[in-house]
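> generate a structure from the sequence data that follows.
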Amino acid sequence: MALSTRAADTEQPRAHNHRSIEVRQPTGMTPGETMAQLLTQIHDAVEQSVDPLGVSAPIAHAQLAWLTHPQELSARLISLSKDLWRLQWHTLHRMMNVHSDDPIQVHPDDVRFADPVWTEAPSWDLLKEWYLAFTHHTQDMLHDTPGLSHQARRKAAFWWRNWLNAMAPSNYLLTNPVAIRHAIETKGESLRKGYEIFLEDVKAGQIRMTNPDDFQVGVNLATTPGSVVMRNQLVEVIHYAPTQAKVHAQPVVIVTPWINKFYVLDLTPKKSMVRFLLDQGLDVFITSWKNPDASMRDVRFDDYLMDGIHATIETARTMSGADKVHAVGYCIGGTGLSIYMAWANKRFAPEDVPVADITLFTTLVDFHAPGDINIFIDEPSVNYLSRKMARTGYLDGKDMAASFRLLRSNSLVWHYVEQGWLNGEPPPSFDVLYWNMDATRMPQAMHSWYLKELYLRNQLIKPNALTLAGEPIDLTRISQPLYAVSAEDDHVAPWKQTFHVNHHFAGPKRYVLSSSGHILGIVNPVVHPPKRRYRAADANRSDKPKAWLARTEMHEGSWWEDWMAWLKPRAGELVPARPACTETYPELTPAPGSYVLETEERLGWLTAVHDTE
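Numbers count the residues shown, from 1 in each chain. Modelled structure (predicted):
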């Protein structure tokens, strides 16, 4: 999920929409209570019309909080004066060309000041050090603001951090010694190329992280052979052609996230999870979701459950002749699959549940602490977004992408400004980044419900608090075995929060923690020598993340091999491989289908689930 953070999208109040604020004293209220009510009404009106995403309010609250805590403010100013004194001595030494160690060290992950010139040249070193001093103290003060809620402190620090990141000297030609040196060395050619890249980005409406002309879905991405064997208004079901003479009798059904396109699991042959599963002798079906438009404004989560997940599972069962399937869900697709499993365990007798076991990739069911995106999750922000979607009928993929990018603005925005606009280096050709660019929309009814009921109210973990497709939802009814995978650097679905799935599912559970992030922790092919590592162990309902981590061992390589050791013995005996399409289920169109080709106006703002290595 995501919210729009583009300034241009801030709603402008219209005359007929202005709230009237009547200053009257209701019966039984004191003048003080009346004034408090009036201030609340003014606050709500300003919040909805001027600052719907809560950008300025937390910063103002933080400033007032420090002013009302003079003792803490004095202690902070004393600490600041000590650091400034050391920084001034460092400045004096550098101006006299005397060696002095930097009083403020650059974080190892901060590549903005990696070039030696930022340390070796006194003038550039001082510019860097004073910028870092101001940045660090501002951030520390906001994080430590007394008398302010944790959420308010996080929001204030987030918006200040984005402003500070934008003001970094590395982002501007005249204060970037690397770009200046490059321009001199190339006799201005880097500046000419940088200006061309700038114009191309303006034309594309984005700061591009890769060149979209380098990739084409169905040509050099998503090339695994298969057929679309079922299509309705919400989903296309792709059945892949076998690569082995025999396959396991029970098929694998992958429920992909409808927040992105399915082919992240079928990028190139070497990175394709789909192709890996086929080579393991598994029969694979996958969802390819419709890219919603205004006509789908009333599509609900119930529809994704029944016309999407249930329809796909039933297609796989009928076409394969198997009584059960092995279901896999990724991200929001995994959340939807979890809800479906609770629904199915209520609707059907235990022996008739159509899913034998569940695999979840980076999936949240408990939204108490959903990661960095929680910055945007509060009542005013969600209400603003709901009003915005009510006008269009959907959430634009560009809006979703913009907020994700702000979560990592240095690596997802300013890095490409520096490399492209200042140094004239074209964006790299990278398939994962192209997939990130291929944004999708969200229908208004479904996304509003999802944000309010799951993120804001965290209703999914409350037994029977939600009713979907005619059944009360209780995750504790899920008795099928679970294989859950998370990634240690995932900021979209933090692993310690995804671990909570073990506390709610009743069946046997195996939990896996992969290295890397939300995408590359899952798109994790088997290679030699291994590039990544993982931990894997059974999990109990009483386990805590730290306790589970302490008893697991680190393994070099891909967790895909551990998954196969868990899944294949459960998938039934080997039978002759089934063709991608049959007379009963003819090919509607070859894979990758038609829904995946429905795009934004021109590959809009990049989604920033970005954890490249």
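> which stretches of the chain have low pLDDT?
Within the chain, the segments meeting pLDDT under 70 span 1-29, 31-57, 600-613.
> ok, Ser448 - contacts?
Val382, Leu385, Ser386, Met389 (CB atoms under 8 Å, 6 or more residues apart in numbering). Where C-beta positions appear, they are placed from N, C-alpha and C, glycine not excepted.
> which SSE is Thr287 in?
Element membership for Thr287, per DSSP states H and E: strand 284-289.
> flag every buried residue along stretch 376-396.
By 16 or more other CB atoms under 10 Å, the buried positions in stretch 376-396 come out as 376-378, 380-386, 388-389, 393-396.
> can you list the contacts of Ser448 in CSV and add distance to Ala183 and secondary structure?
Putting the contacts of Ser448 into CSV (distance: CB to CB, whole Å; DSSP: H, G, I helix; E, B strand; the rest coil) gives the following:
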residue, distance to Ala183, secondary structure
Val382, 46, helix
Leu385, 42, helix
Ser386, 48, helix
Met389, 45, helix
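> rewinding a little: hey, C-alpha coordinates of the strand holding Thr287 in PDB?
The C-alpha atoms that make up strand 284-289 are tabulated as PDB, following Å, rounded to 0.1, in the frame of the first residue of the first chain:
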ATOM      1  CA  VAL A 284       2.600 -24.300 -11.800                       C
ATOM      2  CA  PHE A 285      -0.400 -21.900 -12.000                       C
ATOM      3  CA  ILE A 286       0.000 -18.200 -11.300                       C
ATOM      4  CA  THR A 287      -2.300 -15.100 -11.100                       C
ATOM      5  CA  SER A 288      -1.900 -12.100 -13.300                       C
ATOM      6  CA  TRP A 289      -4.200  -9.400 -12.000                       C
END
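> neighbouring contacts of that strand?
228, 234-240, 251-256, 258, 261-262, 265-266, 274, 277-278, 308-309, 312, 315-316, 319, 325, 333, 440, 592-593, 595-596.
> 7 Å - rerun?
For strand 284-289, the surrounding residues in contact (CB atoms under 7 Å, 6 or more residues apart in numbering) are 234-240, 251-256, 258, 262, 274, 277-278, 308, 312, 315-316, 592-593, 595-596.
> re the thing from before, quick one: which of the buried residues of stretch 376-396 sit in strands?
Tyr394, Leu395 (DSSP state E).
> and the buried residues of stretch 376-396, which two are the farthest apart?
Asp378 and Gly393 (23.8 Å; CB to CB).
> still on that earlier bit, what are the pairing partners of the strand holding Thr287, and which direction each?
Sheet partners assigned to strand 284-289 using DSSP bridges are listed as strand 235-240 (antiparallel), strand 252-255 (parallel).
> and Arg570, how many neighbours?
By the criterion of other CB atoms under 10 Å, Arg570 has 14 neighbours.
> if I pick it, what's in contact with it?
Arg570 neighbours (CB under 7 Å, 6+ apart): His326, Ala356, Asp357.
> can you rerun that using 8 Å?
Gln250, His326, Ala356, Asp357, Pro481.
> most neighbours among those residues, please name it.
Top of these by neighbour count (other CB under 10 Å): His326, with 27 neighbours.
> so who does the nearest residue to it once chain neighbours are set aside touch?
Leaving aside its chain neighbours, His326 sits nearest to Val252 (5.0 Å; criterion: CB to CB, 6 or more residues apart in numbering). Residues near Val252 by CB under 8 Å, 6+ apart: Leu277, Leu282, Asp283, Val284, Phe285, Val325, His326, Ala327, Val328, Leu567, Ala571.
> kindly report the same for His326.
So His326 contacts Gln250, Pro251, Val252, Val253, Val355, Ala356, Asp357, Thr359, Leu567, Arg570, Ala571 (CB under 8 Å, 6+ apart).
> the fourth one contacts His310, doesn't it?
Right, Val253. No - taking CB atoms under 8 Å as the definition, Val253 is not a contact partner of His310, at 10.6 Å.
> between the two, which one's more packed in?
Val253 (27 against 17).
> identify the bridge partners of the more buried one.
Bridge pairing for Val253 - DSSP bridges - gives Phe285, Ala327.
> how far away is it from Phe276?
16 Å (CB to CB, to the nearest Å).
> just Leu454 next, same as before
In terms of CB to CB, Leu454 sits 31 Å off from Phe276.
> doesn't Lys324 make contact with Gln250?
Yes - taking CB under 8 Å as the definition, Gln250 is a contact partner of Lys324 at 5.8 Å.
> list residues touching both of those two?
Common neighbours of Gln250 and Lys324 (CB under 8 Å, 6+ apart) are Ala356.
> CA atoms of stretch 185-198 as PDB?
C-alpha atoms of stretch 185-198 as PDB (Å, rounded to 0.1, in the frame of the first residue of the first chain):
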ATOM      1  CA  GLU A 185      37.900  15.800 -17.200                       C
ATOM      2  CA  THR A 186      35.300  15.300 -19.900                       C
ATOM      3  CA  LYS A 187      35.600  19.000 -21.100                       C
ATOM      4  CA  GLY A 188      31.900  19.500 -20.300                       C
ATOM      5  CA  GLU A 189      30.600  16.400 -22.000                       C
ATOM      6  CA  SER A 190      29.300  15.000 -18.700                       C
ATOM      7  CA  LEU A 191      27.200  18.200 -18.300                       C
ATOM      8  CA  ARG A 192      25.800  17.900 -21.800                       C
ATOM      9  CA  LYS A 193      24.800  14.300 -21.200                       C
ATOM     10  CA  GLY A 194      23.400  15.200 -17.800                       C
ATOM     11  CA  TYR A 195      21.200  17.800 -19.300                       C
ATOM     12  CA  GLU A 196      19.900  15.300 -21.800                       C
ATOM     13  CA  ILE A 197      19.100  12.800 -19.100                       C
ATOM     14  CA  PHE A 198      17.400  15.600 -17.200                       C
END
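> what's next to that stretch, contact-wise?
Leu173, Ala179, His182, Ala183, Gly420, Trp421, Leu422, Asn423, Gly424, Glu425, Pro426, Pro427.
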